[in-house]
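# curious how this folds, go ahead:
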Amino acid sequence: MERTVISWFHVWEFDEMDNVATKVSALIASAAAVSSADNAAAQFAPPVPGTITVTFEGGISFSNLSNTNFPGGAVPFIPQTFDKIGLLAQGTSNPATGQRTGGYGAFSFARNFDAVNDWRFSAGFYVFGSKSGSAAASQDFLDIFSNYFATNTAAITERDRFGIYTADFDFGRSFMAGIFQVRAFSGLRGVYIKDSFDSTTGTVGNDKLGVDTSTTVTDIFSRGRASFYGTGPRVGVEVFTGSVFGVVGNLSGTVMGGYREASVFTGITRTVDGNTPVFTARQFGGNEFSWVANISGSLGLAWQFVPNGQLVLGYKIDQWWNVRSNFSFAGLDRKEDILIHTPFLKATLRF
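Below is the predicted model of the structure:
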(Lines give C-alpha, C1' and ligand atoms only; values in the text may rest on other atoms or scores of the structure.)
Protein backbone atom coordinates (compact mmCIF):
# COMPACT_ATOMS: atom_id res chain seq x y z
CA MET A 1 0.00 0.00 0.00
CA GLU A 2 2.71 2.43 0.87
CA ARG A 3 4.56 1.65 -2.39
CA THR A 4 1.38 2.39 -4.36
CA VAL A 5 0.89 5.84 -2.75
CA ILE A 6 4.48 6.77 -3.44
CA SER A 7 4.10 5.78 -7.07
CA TRP A 8 0.96 7.87 -7.45
CA PHE A 9 2.75 10.83 -5.84
CA HIS A 10 5.65 10.52 -8.25
CA VAL A 11 3.34 10.29 -11.26
CA TRP A 12 1.46 13.44 -10.08
CA GLU A 13 4.73 15.26 -9.50
CA PHE A 14 6.08 14.42 -12.93
CA ASP A 15 2.82 15.46 -14.59
CA GLU A 16 2.88 18.87 -12.83
CA MET A 17 6.50 19.45 -13.83
CA ASP A 18 5.63 18.67 -17.44
CA ASN A 19 2.75 21.19 -17.31
CA VAL A 20 5.01 23.91 -15.88
CA ALA A 21 7.67 23.24 -18.50
CA THR A 22 5.05 23.43 -21.25
CA LYS A 23 3.75 26.78 -19.94
CA VAL A 24 7.28 28.23 -19.65
CA SER A 25 8.09 27.12 -23.18
CA ALA A 26 4.90 28.74 -24.44
CA LEU A 27 5.73 32.00 -22.66
CA ILE A 28 9.25 32.04 -24.10
CA ALA A 29 7.96 31.36 -27.60
CA SER A 30 5.33 34.07 -27.22
CA ALA A 31 7.93 36.59 -25.99
CA ALA A 32 10.24 35.71 -28.85
CA ALA A 33 7.40 36.22 -31.34
CA VAL A 34 6.52 39.61 -29.83
CA SER A 35 10.18 40.65 -29.82
CA SER A 36 10.55 39.55 -33.41
CA ALA A 37 7.43 41.49 -34.40
CA ASP A 38 8.68 44.59 -32.58
CA ASN A 39 12.06 44.41 -34.31
CA ALA A 40 10.43 43.93 -37.68
CA ALA A 41 8.29 47.02 -37.08
CA ALA A 42 11.28 49.01 -35.84
CA GLN A 43 13.37 48.75 -39.02
CA PHE A 44 12.85 49.14 -42.73
CA ALA A 45 12.28 45.82 -44.47
CA PRO A 46 15.50 44.59 -46.14
CA PRO A 47 15.75 45.98 -49.69
CA VAL A 48 15.08 43.68 -52.62
CA PRO A 49 15.74 44.28 -56.32
CA GLY A 50 13.50 47.14 -57.41
CA THR A 51 13.09 48.72 -53.94
CA ILE A 52 12.61 52.50 -54.28
CA THR A 53 13.62 55.02 -51.62
CA VAL A 54 12.50 58.66 -51.86
CA THR A 55 13.56 61.53 -49.58
CA PHE A 56 12.49 65.15 -49.16
CA GLU A 57 14.21 67.65 -46.89
CA GLY A 58 14.29 71.35 -46.20
CA GLY A 59 15.36 73.94 -43.68
CA ILE A 60 16.54 77.46 -42.91
CA SER A 61 20.19 78.24 -43.66
CA PHE A 62 22.55 80.67 -41.97
CA SER A 63 25.81 81.77 -43.60
CA ASN A 64 28.76 84.08 -43.12
CA LEU A 65 28.65 85.11 -46.80
CA SER A 66 27.72 88.68 -45.82
CA ASN A 67 30.45 90.94 -47.04
CA THR A 68 30.65 94.19 -48.92
CA ASN A 69 32.37 95.88 -51.83
CA PHE A 70 32.98 98.82 -49.51
CA PRO A 71 34.81 97.58 -46.38
CA GLY A 72 35.73 101.15 -45.46
CA GLY A 73 32.12 102.30 -45.64
CA ALA A 74 31.37 105.66 -47.29
CA VAL A 75 34.26 107.63 -45.75
CA PRO A 76 36.78 106.92 -48.57
CA PHE A 77 34.30 108.36 -51.10
CA ILE A 78 33.98 111.80 -49.52
CA PRO A 79 35.20 114.30 -52.16
CA GLN A 80 38.44 115.87 -51.04
CA THR A 81 38.72 119.66 -51.17
CA PHE A 82 42.36 120.55 -51.41
CA ASP A 83 42.10 124.32 -50.88
CA LYS A 84 40.36 123.87 -47.52
CA ILE A 85 41.18 122.07 -44.27
CA GLY A 86 38.88 119.14 -43.47
CA LEU A 87 37.75 118.19 -40.02
CA LEU A 88 37.48 114.55 -38.94
CA ALA A 89 35.14 112.62 -41.24
CA GLN A 90 32.06 111.08 -39.65
CA GLY A 91 30.51 107.95 -41.07
CA THR A 92 28.48 104.83 -40.36
CA SER A 93 29.81 101.28 -40.65
CA ASN A 94 30.02 99.32 -43.90
CA PRO A 95 26.66 98.38 -45.44
CA ALA A 96 26.71 94.57 -45.30
CA THR A 97 27.85 92.71 -42.18
CA GLY A 98 26.61 89.86 -40.01
CA GLN A 99 24.98 86.51 -40.76
CA ARG A 100 22.76 85.95 -43.78
CA THR A 101 19.59 83.84 -43.70
CA GLY A 102 18.37 81.76 -46.62
CA GLY A 103 16.49 78.62 -47.61
CA TYR A 104 17.56 75.02 -48.19
CA GLY A 105 15.81 72.18 -49.99
CA ALA A 106 16.72 68.75 -51.40
CA PHE A 107 15.17 65.69 -53.04
CA SER A 108 16.50 62.21 -53.85
CA PHE A 109 15.30 59.08 -55.67
CA ALA A 110 17.13 55.75 -55.21
CA ARG A 111 16.57 52.23 -56.59
CA ASN A 112 18.14 48.98 -55.40
CA PHE A 113 19.84 46.51 -57.74
CA ASP A 114 19.74 43.97 -54.91
CA ALA A 115 19.76 43.96 -51.10
CA VAL A 116 23.07 45.87 -50.82
CA ASN A 117 23.70 47.81 -54.06
CA ASP A 118 21.78 50.81 -55.39
CA TRP A 119 21.93 53.95 -57.50
CA ARG A 120 20.62 57.37 -56.48
CA PHE A 121 19.84 60.73 -58.07
CA SER A 122 19.52 63.79 -55.87
CA ALA A 123 19.24 67.55 -56.25
CA GLY A 124 19.42 70.43 -53.78
CA PHE A 125 19.77 74.17 -53.40
CA TYR A 126 20.80 76.97 -51.06
CA VAL A 127 19.28 80.36 -51.86
CA PHE A 128 20.09 83.63 -50.11
CA GLY A 129 17.78 86.33 -51.43
CA SER A 130 18.33 90.02 -51.87
CA LYS A 131 19.56 91.90 -48.84
CA SER A 132 20.15 95.65 -48.82
CA GLY A 133 22.46 97.76 -46.70
CA SER A 134 23.60 101.36 -46.62
CA ALA A 135 26.27 103.64 -45.22
CA ALA A 136 26.80 107.40 -45.16
CA ALA A 137 29.60 109.79 -44.28
CA SER A 138 30.22 113.53 -44.10
CA GLN A 139 33.10 115.92 -43.54
CA ASP A 140 33.07 119.62 -42.69
CA PHE A 141 35.65 121.88 -44.35
CA LEU A 142 37.22 125.17 -43.29
CA ASP A 143 38.75 127.83 -45.49
CA ILE A 144 42.26 129.20 -45.09
CA PHE A 145 41.00 131.52 -42.34
CA SER A 146 39.58 128.54 -40.34
CA ASN A 147 36.04 129.55 -41.13
CA TYR A 148 33.39 126.89 -41.83
CA PHE A 149 32.97 126.70 -45.58
CA ALA A 150 31.13 123.58 -46.73
CA THR A 151 30.19 119.98 -45.98
CA ASN A 152 31.06 117.22 -48.42
CA THR A 153 29.04 114.00 -48.23
CA ALA A 154 28.99 110.44 -49.54
CA ALA A 155 26.29 107.76 -49.35
CA ILE A 156 26.26 104.11 -50.41
CA THR A 157 23.51 101.54 -50.87
CA GLU A 158 24.29 97.93 -51.70
CA ARG A 159 22.45 94.63 -52.11
CA ASP A 160 23.48 91.15 -53.17
CA ARG A 161 21.97 87.75 -53.99
CA PHE A 162 23.54 84.31 -53.93
CA GLY A 163 22.49 80.75 -54.77
CA ILE A 164 23.99 77.25 -55.08
CA TYR A 165 22.19 74.53 -57.07
CA THR A 166 23.50 70.94 -57.11
CA ALA A 167 22.66 67.67 -58.87
CA ASP A 168 24.23 64.32 -57.85
CA PHE A 169 24.29 60.82 -59.25
CA ASP A 170 26.02 58.06 -57.29
CA PHE A 171 26.24 54.32 -56.71
CA GLY A 172 26.05 53.01 -53.15
CA ARG A 173 26.72 49.82 -51.24
CA SER A 174 25.18 49.04 -47.83
CA PHE A 175 26.65 46.86 -45.08
CA MET A 176 26.63 46.33 -41.30
CA ALA A 177 29.51 47.50 -39.12
CA GLY A 178 28.65 46.31 -35.60
CA ILE A 179 25.52 48.18 -34.53
CA PHE A 180 25.77 50.60 -37.46
CA GLN A 181 24.04 50.36 -40.82
CA VAL A 182 26.43 51.96 -43.33
CA ARG A 183 26.02 53.10 -46.93
CA ALA A 184 29.21 54.10 -48.76
CA PHE A 185 28.80 55.85 -52.10
CA SER A 186 30.69 57.53 -54.93
CA GLY A 187 29.59 59.39 -58.03
CA LEU A 188 29.49 62.80 -59.73
CA ARG A 189 28.22 66.20 -58.64
CA GLY A 190 27.21 69.04 -60.93
CA VAL A 191 26.85 72.58 -59.62
CA TYR A 192 25.49 75.92 -60.79
CA ILE A 193 26.35 78.99 -58.70
CA LYS A 194 24.75 82.40 -59.16
CA ASP A 195 26.27 85.48 -57.51
CA SER A 196 25.29 89.12 -58.06
CA PHE A 197 25.35 92.58 -56.52
CA ASP A 198 24.04 96.07 -57.21
CA SER A 199 25.33 99.25 -55.61
CA THR A 200 24.88 103.01 -55.86
CA THR A 201 27.27 105.66 -54.59
CA GLY A 202 26.33 109.33 -54.40
CA THR A 203 28.66 112.17 -53.44
CA VAL A 204 28.39 115.95 -53.12
CA GLY A 205 31.61 117.95 -53.21
CA ASN A 206 32.20 121.70 -52.89
CA ASP A 207 35.33 123.28 -54.28
CA LYS A 208 36.68 126.50 -55.78
CA LEU A 209 37.18 127.09 -59.47
CA GLY A 210 39.15 130.30 -59.52
CA VAL A 211 37.24 132.70 -57.30
CA ASP A 212 33.90 130.94 -57.69
CA THR A 213 32.55 128.06 -55.65
CA SER A 214 31.56 124.92 -57.55
CA THR A 215 29.32 122.06 -56.37
CA THR A 216 29.73 118.68 -58.05
CA VAL A 217 27.15 115.89 -57.62
CA THR A 218 28.29 112.42 -58.67
CA ASP A 219 26.11 109.31 -58.86
CA ILE A 220 27.72 105.93 -59.55
CA PHE A 221 25.76 102.76 -60.29
CA SER A 222 27.55 99.38 -60.35
CA ARG A 223 26.14 95.98 -61.27
CA GLY A 224 28.11 92.77 -60.87
CA ARG A 225 27.07 89.36 -62.16
CA ALA A 226 28.87 86.02 -61.85
CA SER A 227 27.98 82.39 -62.53
CA PHE A 228 29.87 79.10 -62.27
CA TYR A 229 29.13 75.79 -64.00
CA GLY A 230 31.16 72.78 -62.91
CA THR A 231 31.26 69.06 -62.23
CA GLY A 232 33.51 66.64 -60.40
CA PRO A 233 33.78 63.44 -58.32
CA ARG A 234 31.95 63.08 -55.02
CA VAL A 235 32.37 60.42 -52.32
CA GLY A 236 30.73 59.93 -48.94
CA VAL A 237 29.28 57.70 -46.27
CA GLU A 238 25.93 57.53 -44.45
CA VAL A 239 25.44 55.87 -41.05
CA PHE A 240 22.38 54.83 -39.02
CA THR A 241 22.04 53.12 -35.64
CA GLY A 242 18.88 52.40 -33.64
CA SER A 243 15.41 50.96 -34.21
CA VAL A 244 12.16 52.95 -33.93
CA PHE A 245 14.33 55.83 -32.70
CA GLY A 246 17.92 56.20 -33.79
CA VAL A 247 20.77 58.43 -34.86
CA VAL A 248 21.66 59.15 -38.47
CA GLY A 249 24.63 61.02 -39.95
CA ASN A 250 26.56 61.52 -43.16
CA LEU A 251 29.79 62.99 -44.48
CA SER A 252 30.71 63.74 -48.10
CA GLY A 253 33.22 65.72 -50.13
CA THR A 254 33.64 66.90 -53.72
CA VAL A 255 35.98 68.92 -55.92
CA MET A 256 34.57 70.38 -59.13
CA GLY A 257 36.20 72.05 -62.09
CA GLY A 258 34.32 74.37 -64.39
CA TYR A 259 33.92 77.76 -66.02
CA ARG A 260 33.20 81.04 -64.24
CA GLU A 261 31.71 84.01 -66.06
CA ALA A 262 31.83 87.39 -64.31
CA SER A 263 31.24 90.99 -65.31
CA VAL A 264 30.84 94.40 -63.69
CA PHE A 265 29.09 97.36 -65.32
CA THR A 266 29.64 100.85 -63.89
CA GLY A 267 27.75 103.97 -64.93
CA ILE A 268 28.80 107.43 -63.68
CA THR A 269 26.64 110.57 -63.87
CA ARG A 270 28.34 113.85 -62.93
CA THR A 271 26.56 117.20 -62.58
CA VAL A 272 28.39 120.48 -61.90
CA ASP A 273 26.41 123.42 -60.50
CA GLY A 274 23.13 122.02 -61.83
CA ASN A 275 24.27 122.02 -65.45
CA THR A 276 23.61 119.24 -67.96
CA PRO A 277 24.69 115.88 -66.48
CA VAL A 278 27.59 114.07 -68.11
CA PHE A 279 27.29 110.28 -68.29
CA THR A 280 30.14 107.80 -68.73
CA ALA A 281 30.09 104.00 -68.55
CA ARG A 282 32.59 101.17 -68.18
CA GLN A 283 32.27 97.40 -68.57
CA PHE A 284 34.69 94.90 -67.03
CA GLY A 285 34.84 91.16 -67.66
CA GLY A 286 36.75 88.31 -66.02
CA ASN A 287 35.81 84.90 -67.46
CA GLU A 288 38.04 81.97 -66.49
CA PHE A 289 38.29 78.24 -65.84
CA SER A 290 38.18 77.69 -62.09
CA TRP A 291 37.32 75.20 -59.34
CA VAL A 292 34.97 74.85 -56.36
CA ALA A 293 35.30 72.41 -53.43
CA ASN A 294 32.81 71.34 -50.77
CA ILE A 295 32.73 69.23 -47.58
CA SER A 296 29.30 68.52 -46.10
CA GLY A 297 28.27 66.75 -42.91
CA SER A 298 25.09 66.28 -40.91
CA LEU A 299 23.81 64.60 -37.74
CA GLY A 300 20.22 63.98 -36.73
CA LEU A 301 17.65 62.07 -34.67
CA ALA A 302 15.52 59.58 -36.61
CA TRP A 303 12.01 58.29 -35.93
CA GLN A 304 10.36 55.48 -37.91
CA PHE A 305 6.76 56.66 -37.73
CA VAL A 306 5.38 53.95 -40.06
CA PRO A 307 6.89 50.66 -41.31
CA ASN A 308 8.04 52.28 -44.58
CA GLY A 309 8.55 55.88 -43.38
CA GLN A 310 11.14 57.77 -41.34
CA LEU A 311 11.52 61.36 -40.14
CA VAL A 312 14.86 62.97 -39.28
CA LEU A 313 15.40 66.21 -37.39
CA GLY A 314 19.01 67.22 -37.90
CA TYR A 315 21.70 69.84 -38.35
CA LYS A 316 23.80 70.22 -41.50
CA ILE A 317 27.12 72.05 -42.05
CA ASP A 318 28.55 72.88 -45.48
CA GLN A 319 31.97 74.43 -46.11
CA TRP A 320 32.48 75.80 -49.63
CA TRP A 321 35.80 76.97 -51.05
CA ASN A 322 36.29 79.38 -53.98
CA VAL A 323 32.53 79.45 -54.41
CA ARG A 324 32.11 83.22 -55.00
CA SER A 325 33.68 85.55 -57.52
CA ASN A 326 35.92 88.16 -55.93
CA PHE A 327 35.47 90.57 -58.90
CA SER A 328 39.15 91.46 -58.60
CA PHE A 329 39.29 92.42 -62.29
CA ALA A 330 37.09 95.41 -61.39
CA GLY A 331 39.23 96.43 -58.42
CA LEU A 332 37.08 94.66 -55.81
CA ASP A 333 38.09 92.06 -53.22
CA ARG A 334 35.10 89.97 -52.13
CA LYS A 335 35.21 86.94 -49.85
CA GLU A 336 35.32 83.69 -51.86
CA ASP A 337 34.82 80.97 -49.15
CA ILE A 338 31.61 80.55 -47.17
CA LEU A 339 30.28 78.36 -44.34
CA ILE A 340 26.58 77.38 -44.23
CA HIS A 341 24.67 76.02 -41.18
CA THR A 342 21.22 74.46 -41.66
CA PRO A 343 18.75 72.90 -39.20
CA PHE A 344 16.56 70.66 -41.36
CA LEU A 345 13.67 68.20 -41.41
CA LYS A 346 13.91 65.12 -43.66
CA ALA A 347 11.28 62.55 -44.63
CA THR A 348 12.17 59.14 -46.12
CA LEU A 349 9.71 56.74 -47.76
CA ARG A 350 10.52 53.21 -49.03
CA PHE A 351 8.39 51.20 -51.46
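# tell me, how many residues neighbour residue 57?
Per other Cβ atoms under 10 Å, the neighbour tally for residue 57 reads 22. The C-beta positions use only the backbone N, C-alpha and C, and glycine is treated the same way.
# just checking, residue 236 touches residue 249?
No. Judged on Cβ atoms under 8 Å, residue 236 makes no contact with residue 249 at a distance of 10.8 Å.
# more neighbours: the two, which one.
Legend: neighbour count by other Cβ under 10 Å for residue 236 and residue 249, higher for residue 236 (20 against 17).
# for that one, give the beta-bridge partners.
Applying DSSP bridges to residue 236 gives these bridge partners: residue 185, residue 252.
# residues in contact with it?
170, 184, 185, 186, 250, 251, 252, 253, 296 (Cβ atoms under 8 Å, 6 or more residues apart in numbering).
# for the fifth one, what are its contacts?
Contact analysis of residue 250 by Cβ under 8 Å, 6+ apart lists 236, 237, 238, 239, 296, 297, 298.
# how about the third one?
Taking Cβ under 8 Å, 6+ apart as the definition of contact, the neighbours of residue 185 are 120, 170, 171, 172, 173, 235, 236, 237, 238.
# from residue 342, how far out is residue 259?
Separation of residue 259 from residue 342 (Cβ to Cβ, to the nearest Å) stands at 28 Å.
# okay, residue 307: pLDDT?
Residue 307 is assigned a pLDDT of 89 by the prediction.
# and residue 87, backbone torsions?
The phi/psi pair for residue 87 (degrees, to the nearest 10) reads phi -80, psi 180.
# same thing with residue 115?
Backbone torsions for residue 115, taken as degrees, to the nearest 10, come to phi -70, psi -20.
# near it, how many other residues are there?
Residue 115 has 12 neighbours, counted by other Cβ under 10 Å.
# and it, how far from residue 175?
Using Cβ to Cβ, we find residue 115 at a distance of 10 Å from residue 175.
# go on, residue 272?
Taking Cβ to Cβ as the measure, residue 272 falls 76 Å from residue 175.
# residue 320 now?
Separation of residue 320 from residue 175 (Cβ to Cβ) stands at 30 Å.
# tell me which of the two has more neighbours.
Of the pair residue 320 and residue 175, residue 320 is the one with more neighbours under other Cβ under 10 Å, namely 22 against 10.
# the more buried one belongs to a helix?
No. Counting by DSSP: H, G, I helix; E, B strand; the rest coil, residue 320 is located in no helix; its state is strand.
# now for it: which residues touch it?
164, 292, 293, 294, 337, 338, 339, 340.
# same thing but 7 Å
Applying Cβ atoms under 7 Å, 6 or more residues apart in numbering, we find residue 320 in contact with 292, 294, 337, 338.
# which ones among the residues you listed map onto strands?
Within the contacts of residue 320, residues falling in strands by DSSP state E are 292, 294, 338.
# for residue 195, see how far away the last one is.
Spatial separation of residue 338 from residue 195 under the definition Cβ to Cβ is 10 Å.
# for the second one, same thing?
Here the criterion is Cβ to Cβ. By it, residue 294 lies 15 Å from residue 195.
# low-confidence ranges in the stretch 251-351 of the chain?
For the stretch 251-351 of the chain, no stretch is flagged by pLDDT under 70.
# got the contact list for whichever strand or helix holds residue 104?
Assigning secondary structure by DSSP states H and E places residue 104 in strand 100-112. With Cβ under 7 Å, 6+ apart as the test, strand 100-112 has contacts from 47-63, 65-66, 118-129, 131, 342, 344.
# only the buried subset of these, as a PyMOL command please.
Selecting the buried subset of these in PyMOL, with 16 or more other Cβ atoms under 10 Å as the burial test, is done by:
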select buried, resi 47+51+53+55+57+58+59+61+62+63+65+66+118+120+122+124+125+126+128+131+342+344
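# residue ranges with poor pLDDT in the chain?
Judged by pLDDT under 70, the chain has its weakly predicted residues at 1-45, 82-85, 93, 96-98, 144, 208-212.
# what is the burial count for residue 155?
20.
# who's it bridged to?
residue 136, residue 202.
# could I get the contacting residues of it?
Residue 155 makes contact with 74, 136, 202, according to Cβ under 7 Å, 6+ apart.
# could you dump those to TSV with neighbour count and distance to residue 245?
Formatted as TSV, the contacts of residue 155 follow (neighbours: other Cβ atoms under 10 Å; distance: Cβ to Cβ, whole Å):
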residue	neighbour count	distance to residue 245
74	25	55
136	17	55
202	18	59
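# need the helices for the protein, in chain order.
Listed in chain order, the helices of the chain (DSSP state H) span 2-42.
# do I have it right that residue 325 meets residue 262?
Yes. In this structure residue 325 lies within contact range of residue 262 using Cβ atoms under 7 Å: 4.5 Å.
# those two: which has the busier surroundings?
residue 325 (28 against 24).
# give the contact list for the more buried one.
Each residue near residue 325 by Cβ under 7 Å, 6+ apart is listed here: 195, 226, 260, 262.
# alright, that wraps it up for me.
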